[in-house]
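Colleague: Give me coordinates for this.
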Amino acid sequence: MGSTTTDGGNRDTAPRSSPAPSAESAPTPLHSSYFWLFRILPLRWVIPVALVAVAASLVAVIFDASVWVVAGVCAGVLVLGLTPLPRRKSPAAWLDEEITFRWRAFRNRSATVDQAPFDVPLPEGGTYGMRWDGSRLLVMLRVEAHPRTVTLLSPQSLISDDMMPLPEIAHCLDQFDIELASIDVISTGARTAGPGRVSQLYEQILGRLPAVAHRTVWVVLRLDPLANAPAVARRGGGATGTLRTAIIATQRVANRLAAQGISTVVLSAAEITAAINQLTRHTPLEEFTETPHSVERDGIHYTTYRMAPEALGPQGFAAVWSTPTLATTVTIRLQRAAAQSPRDLAAKPGAAGIEVTALVRFDTRDKPAVVKADGLVPLPGSQFRALLYTLPIARRGRQFSPETYLGKPDSLLTLPMPIAGCGQLIGADTSGQGVALPLVGHQVRRVEVIGSLLVAQQMILRAIALGASVVVHTNRHDAWRQMAADVGVPQSLTIAAWSAAGQQASAHRSATVIVYDGIPPTGHHSDATTVLLRNAPATMDDHFDPDVTLAEDPETANLVTVRTAGVTTRVHMVATPDEMQYLHTALALAR
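Modeller: Below is the predicted model of the structure:
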């Protein structure tokens, strides 16, 4: 198994990145509304330091100091107070963080209002879940991903066919007679399944690649009934008109996404609660402990950063998703820009401005995440409020108001927001880019591996790193038994004919992958992915119709052709020495 990525065949078809705008229609860049100097030296730092400098100067005057001494004292205090120390913040910034954090802790942190979600029945059947966020009505959609496509990965970017059409979503803020107060796009994902040995090994293999195996994307809509009084009145007024207006606005967003080939599901009240539990790891908000740099519970730290325009591009998102974490969550909030000129809107009806706010949260064990990347701005002293800001819940107390950036809907063209996880890393293509593909899950029911045991075992080992529970039916028990012993977790890898009867029955019930090595598939596993290992292509139809095929090249070592419904890619499989320790039996057989 090779460790280089320089060779390989030609890729017949490949995923496309988001369409690049032409030079004539270059997207409007996002920009801050703040004066650049105030972003470097906020007035909340400058004014207190200036007051201290004036006080020091007055003391010097009292002691009959010369004008030059007074001026020197004033300048010295300003320089010392506002100049960052080596690898540290300025004294003014440090004091600002400490005082702000302790004052907010003294006054009690922001808390949630107990506004439980509720279900609204639809005339055509079914329900929409909603909840109140202050004076705004909140509805939540989940994007239904169908990941069968290849994702290309590099430390600077990721390329996939399935991206969220953020400009289209921004246009949904204004819908004929309805205006949404805001739209949040929340994307949460994990690179591995957890802290186990195999997962840690796979994390080392990924390195700086932005490979997020599992991803969930939600779209959160907020409607202000008072700002839409005419629309509410036309639909019956009062509570009935408000609910109907929210339902129609939600359906318009879903239809607009469907026109882009993206299917969505409106969450019920129970599903909204489940989504919040997923984002908070089932932790009640009152049980979080806030520190200056994170929110912590049971040794897990939730660290939130603000994303400046420098981070809102392919390279910035690659840096975010390549950070080793238990989970990473990006929240992008879109709002209508305030104080737009009516003359400008009349001259350019489709040129309404938007405000963009972007936050990213890193969930890590033992200590807060420290991420050094262009455009990622720490939020010391505001971690709990930042957490609340990104959740689809109601809040009270002082609201979190991060800096927003102004632009147009086309400003979002360069923001890569994948719809689905990339699955597991297979290897690298001819250009050295990583090639990843989902091989386990509800969208991939049958996988065919044509080639050596080494290829199959490497695929299974990486599937285990991503949380798969595997049962193997084989006539080569010794080859698989050693790998099962090395993994050491029967819930992750079990050999069907070798395990004890009780353990085998339990493994079958919880299995997400069933492997047949040298044995024809038997039975129907509705909730598991079936993997069939062959030494050579089938010579007759055995009615096994794979969703994905991995075919090893008989002439070139480590070269595999990956075939899906729409893509054929030639990939050099890559392994590290640590990974080979789990595959040594298969490697010996290959020799």
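Colleague: Next one, pLDDT for the residue lying farthest from the centre of the chain please.
Modeller: Relative to the C-alpha centroid of the chain, counting by Cα atoms, centre = their mean, Asp64 is the outermost residue, at 62.2 Å. At Asp64 the predicted local confidence, pLDDT, stands at 77.
Colleague: Do me a favour and get the end-to-end distance for stretch 469-481?
Modeller: Across stretch 469-481, the terminal residues are separated by 16 Å (Cα to Cα, to the nearest Å).
Colleague: give me the beta-bridge partners of Met130?
Modeller: Phe118, Val139 (DSSP bridges).
Colleague: For it, which residues are in contact?
Modeller: Residues near Met130 by Cβ atoms under 8 Å, 6 or more residues apart in numbering: 117-120, 137-139, 243, 246, 269. From N, CA and C alone the C-beta is placed, and that goes for glycine too.
Colleague: switch the cut-off to 10 Å
Modeller: Met130 is in contact with 117-120, 137-140, 221, 223, 242-243, 246-247, 250, 266-269, 272, counting by Cβ atoms under 10 Å, 6 or more residues apart in numbering.
Colleague: One more: Ala275?
Modeller: Under the contact definition (Cβ under 10 Å, 6+ apart), the residues listed for Ala275 are 117, 129, 140, 142, 186, 188, 216, 218, 220, 267, 391-392.
Colleague: and if you look at Gly236?
Modeller: 242-245.
Colleague: Now render those residues as CSV, adding secondary structure, pLDDT and distance to Ala233.
Modeller: CSV is the format used below for those (DSSP: H, G, I helix; E, B strand; the rest coil; pLDDT from 0 to 100; distance: Cβ to Cβ, whole Å):
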residue, secondary structure, pLDDT, distance to Ala233
Thr242, helix, 95, 10
Leu243, helix, 96, 14
Arg244, helix, 96, 11
Thr245, helix, 96, 10
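Colleague: Relative to Glu355, which of the residues you listed is nearest.
Modeller: Thr245 (22.6 Å; Cβ to Cβ).
Colleague: and that closest one, how many residues sit next to it?
Modeller: A count of nearby residues for Thr245, using other Cβ atoms under 10 Å, gives 23.
Colleague: Over to the one 4 residues further on?
Modeller: A count of neighbours around Ala249, defined by other Cβ under 10 Å, yields 24.
Colleague: distance of the nearest residue in space to it that is not next to it in sequence from Met130?
Modeller: Closest residue to Ala249 in three dimensions, ignoring its sequence neighbours and counting by Cβ to Cβ, 6 or more residues apart in numbering: Ile178, at 4.9 Å. Remark: distance between Ile178 and Met130 (Cβ to Cβ, to the nearest Å) = 15 Å.
Colleague: His214 too?
Modeller: His214 sits 27 Å away from Met130, going by Cβ to Cβ.
Colleague: Just list the residues touching Asn277, thanks.
Modeller: Contacts for Asn277 were tallied using Cβ under 10 Å, 6+ apart; they are 283-284.
Colleague: so what does the host helix or strand of Leu141 touch, helix or strand wise?
Modeller: In this structure, Leu141 is located in strand 136-144 according to DSSP states H and E. Using 3 or more Cβ pairs under 10 Å, 6 or more residues apart in numbering; DSSP states H and E as the contact criterion, the elements in contact with strand 136-144 are strand 127-133, strand 182-190, strand 214-223, helix 238-259, strand 263-266, helix 269-280.
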